[in-house]
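Chemist: Got a predicted structure plus its sequence, pasted below:
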Amino acid sequence: MLLAKSRIPLVATGIIFLVGLALFFMADRASADVMARPSGGIADDVGWDWTYDSRGLQVCINRGDSWTGVASKIDVYLDQQHSAAATLTTIPTANISSCLVLAAVTTAPASVGLDVQNASGGSLAQLKDPVNTSRLIPPDMGWDAQFSGDSVRVRVKLGALLPPIHKIEVYPNHAPGDSPAMTATRTGELALATDQVLNLDVLGHAAKPTSVRLALLNASGALITLATGGSTGVHADQLVSTTPAAPAAVAAPAVTFTETPDADVTLVTEPTGGAVAIVQPSSGGSLGAPDGLVVVSLPIEVYDTTFQLVYNPSPATMPEASARTAVQGAFELNAHDTSGTQITPSLLKSATIKVKYTDADVVAAVGSSPLNLTILRYDTSTAAWSEVNTTVDIASQTLTGKVNRFSLFALRAAPPVEPPATGDHAPGSVLLLAVMLAGVLLVVTGSRYLIQARRNRG
């Protein structure tokens with residue numbers, strides 16, 4: 001009798017445990033379903049999309065006229081988790097595409113959902129999947145894609161409504177975390193033409209392309225907008241060059257070049273491990289690092305006066321990069337006048353910088369690939385690192401770029417790997433199954449003891 005009484009709580013405990021577990025599981029699934037429901041009630045003028053690359057998770061939104069004056073924040077959900085991974089408190093401007101960076105997200109998600117809320121936390125719209133992505137493209141921009149076997153030609157006309165675009169990245173068959181198959185830029189750090197049709201060719205792609213994503217970036221490498229689609233693209237009727245007739249030639253203002261003989265130049269002290277070169281308007285100049293890792297070539301009439309170019313392999317200061325940009329192999333190039341005073345000239349012609357990369361640089365690059373190495377220049381006016389249009393020569397292990405200003409330079413490396421953020425995550429199915437089996441075992445064990453106790457008592 002005592003044995004039977006001692007086993008009754010055991011059975012009750014198991015039953016209560018299983019009921020509680022079932023209720024928890026149902027509540028968990030219902031909560032996780034918040035971002036699993038199809039998008040509903042979304043206005044036709046709302047469009048959004050997302051991407052994840054070396055810059056991190058980025059969400060681009062054109063909200064049209066929706067939520068004006070009522071939206072307060074946007075919660076971002078990853079992989080249908082029931083708790084927000086990040087919150088955006090900057091609401092995009094009406095009828096303008098805005099791209100926001102979520103620096104806290106350091107691994108590529110499989111899916112992204114948005115919950116637009118008012119000031120009291122009420123949901124205004126739940127966006128499970130990207131919708132109306134064509135809304136991210138202004139009406140005077142057009143693009144399409146022509147697929148042929150393992151290659152694709154993308155035609156783009158940027159139009160005048162976008163901010164200046166300095167780079168277009170092309171991603172055939174895009175998946176989160178991909179690196180661009182090609183990048184289109186113009187040399188001399190100039191913006192891409194807005195009134196011409198640009199042809200971007202990706203040849204010999206690993207898989208037959210059937211779709212394309214374009215990422216449009218500004219001079220600092222920030223994402224301006226996304227374009228995603230198949231062969232029809234968006235606004236393909238805009239693909240007509242509208243370059244106006246050339247105006248009457250206007251004589252460029254005359255430039256007076258002033259030279260100081262090399263012997264009259266007060267030389268700057270050479271930094272440890274560095275180099276100094278005199279640059280003359282009539283002959284240009286060149287500078288090579290003693291270890292051969294950096295070579296700078298300057299053309300004739302690169303500047304209107306004689307100056308000294310100084311290479312320093314060990315800069316005194318190293319500005320921090322963003323969370324999604326890591327730098328390595330930094331060096332400094334600065335100019336001094338003939339008396340030795342530092343100056344900041346804006347060159348009349350571009351200087352060419354060649355940087356030898358090492359095996360260690362490749363290991364530190366994104367994906368440990370030399371194709372992902374890029375020369376970075378620190379812009380003191382914006383206090384940020386920006387990419388220099390870089391050509392990679394794998395045979396000679398050389399990176400080449402052109403610049404019009406001197407500053408700090410470095411190579412872009414992969415960002416440090418951060419541990420995944422902890423938070424309120426749904427338990428895995430294996431864990432749930434194990435806990436349920438433990439509950440069943442408690443019930444079965446208690447029942448057997450009750451049966452045995454009754455037999456003994458009889």
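Modeler: Done, it's in. Values in this document were obtained by computation on a predicted structure and should not be read as measured data. Numbers count the residues shown, from 1 in each chain.
Chemist: make it CA atoms for all contacts and neighbour counts henceforth
Modeler: Fine.
Chemist: residue ranges for the strands of the stretch 301-450 of the chain, please.
Modeler: 307-312, 326-336, 342-343, 351-356, 375-379, 384-387, 390-393, 398-403, 408-413 (DSSP state E, counting those that start in this stretch).
Chemist: Turn those into TSV, including distance to residue 60.
Modeler: Compiled in TSV, the strands of the stretch 301-450 of the chain are given as follows (distance: least, CA to CA, whole Å):
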stretch	distance to residue 60
strand 307-312	40
strand 326-336	24
strand 342-343	40
strand 351-356	34
strand 375-379	25
strand 384-387	21
strand 390-393	27
strand 398-403	30
strand 408-413	24
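Chemist: Going by mean pLDDT, which of those comes out lowest?
Modeler: The minimum mean pLDDT among the strands of the stretch 301-450 of the chain belongs to strand 384-387 (a mean of 83).
Chemist: on contacts alone, who are the packing partners of it?
Modeler: In this structure, strand 384-387 packs against strand 375-379, with contacts taken as 3 or more CA pairs under 8 Å, 6 or more residues apart in numbering; DSSP states H and E.
Chemist: Direction included, what does the strand it packs on pair up with?
Modeler: strand 384-387 (antiparallel), strand 408-413 (antiparallel) (DSSP bridges).
Chemist: now, of the ones you listed, which is deepest in the fold?
Modeler: strand 408-413 (a mean of 24; mean count of other CA atoms under 10 Å).
Chemist: and the angle from that one to strand 398-403?
Modeler: 130 degrees (axes from the mean of the first three to the mean of the last three CA atoms, to 10 degrees).
Chemist: ok, back up a step: is it possible to get the strands paired with strand 375-379 out as TSV so that each row also shows distance to residue 320?
Modeler: As requested, these are exported to TSV (distance: least, CA to CA, whole Å):
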stretch	distance to residue 320
strand 384-387	9
strand 408-413	12
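Chemist: Compare the strands of the stretch 301-450 of the chain and give me the one nearest residue 167.
Modeler: For residue 167, the closest of the strands of the stretch 301-450 of the chain is strand 384-387, at 10.0 Å, according to CA to CA.
Chemist: CA atoms of the closest one as PDB?
Modeler: In PDB, the C-alpha atoms belonging to strand 384-387 read as follows (Å, rounded to 0.1, in the frame of the first residue of the first chain):
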ATOM      1  CA  ALA A 384      35.700  56.300 -43.000                       C
ATOM      2  CA  TRP A 385      37.500  53.700 -45.200                       C
ATOM      3  CA  SER A 386      36.400  53.500 -48.800                       C
ATOM      4  CA  GLU A 387      37.300  51.000 -51.500                       C
END
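Chemist: And the pLDDT at the residue nearest the centre of the chain?
Modeler: Relative to the mean C-alpha position of the chain, the nearest C-alpha, by CA atoms, centre = their mean, is the one of residue 55, at 2.4 Å. pLDDT for residue 55: 79.
Chemist: I figured residue 181 hits residue 173, correct?
Modeler: No - look at residue 181 against residue 173 with CA atoms under 8 Å: they stay out of range, at 10.0 Å.
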